[in-house]
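Participant: compute the structure for the input listed below.
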Amino acid sequence: MTIELFAWDTPNGRKISVALEEMELPYKVNPVNITKGEQHAEDFLRISPNNKIPAIIDLHGPDGGPISIFESGAILLYLGEKTGRFLPKKLRDRVPVLEWLMWQMGGFGPMPGQVHHFLQVKDEADRRYGLERYATETRRLYAVLDKRLEKVEFVAGSLSIADFAILGWAWRHERHQVELGDFPHVERWYRALSARPAVQRGLSVKLS
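Facilitator: Numbers count the residues shown, from 1 in each chain. Below you'll find the model as predicted:
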């Protein structure tokens, strides 16, 4: 049964479209135009009370009934549990997936997101301070990821939902002014993921 995806063309939206394609789940995109404030509509708030995209509705949930999920990390965990794919069953194998998923949610998203914000600030002094602070932290996070990927093919060893989460933001590396060539292991990982047909579909599907 088709999953309803409520999203816009953002890194967090792309995490989910990539995951749905990789998991071979049928889905229908319902664009939520965040530039026009559609994320504040009452109908959307009923499934995403934090008025953020993405959100999903799975009409065939765990007990056979409908379920809605908001927050991209929660959606990825749900889809991994639902399909049994890209989320290991054994706790020892699952821990690194959870670690790197939380790393993305807590840092590699909020920090480059602040870079995106301050690039648009008109006041030069404010812009300079914000960019210096958040661009430095963003590059530090890229270095952390690069060091990890020097040792493993994918962030948790095997391809997982953590890779899809991180990819959504690495996909915008040019916007937060990072050259992937400065982080060769990240670049290798990024190019390998980008060559996957399902990832290509997830990154190109119309979300807006």
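Participant: show me what the top helix by length along the chain is packed up against.
Facilitator: Looking across the chain with DSSP state H, the single longest helix is helix 124-149. Identification of packing neighbours for helix 124-149 by 3 or more CB pairs under 8 Å, 6 or more residues apart in numbering; DSSP states H and E yields helix 110-118, helix 184-194. Glycine gets a C-beta too; all of them are placed from N, C-alpha and C.
Participant: quick check: angle from the helix or strand following the last one to helix 184-194?
Facilitator: Past helix 184-194, further along toward the C-terminus, the next helix or strand under DSSP states H and E is helix 197-204. Put simply, helix 197-204 runs at 90 degrees to helix 184-194, going by axes from the mean of the first three to the mean of the last three CA atoms, to 10 degrees.
Participant: average pLDDT across the next helix or strand after the longest helix of the chain?
Facilitator: With elements assigned by DSSP H and E, the helix or strand that comes after helix 124-149 is helix 161-170. Averaging pLDDT along helix 161-170 gives 98.
Participant: who touches stretch 29-47?
Facilitator: Contact with stretch 29-47 is made by 4-8, 10, 17, 48, 51-53, 55, 57, 68, 70, 205-208, as judged by CB atoms under 8 Å, 6 or more residues apart in numbering.
Participant: over to stretch 147-164?
Facilitator: Contacts of stretch 147-164 (CB under 8 Å, 6+ apart): 15, 18-19, 22, 76-77, 79-80, 86-88, 93, 96-101, 104, 145, 166, 185-186, 188-189, 192-193.
Participant: still on that earlier bit, can the helices and strands packed on helix 124-149 go into TSV with extra columns for mean neighbour count, mean pLDDT and distance to Q39?
Facilitator: Converted to TSV, the helices and strands packed on helix 124-149 look like this (neighbours: other CB atoms under 10 Å; pLDDT from 0 to 100; distance: least, CB to CB, whole Å):
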stretch	mean neighbour count	mean pLDDT	distance to Q39
helix 110-118	18	94	15
helix 184-194	17	98	28
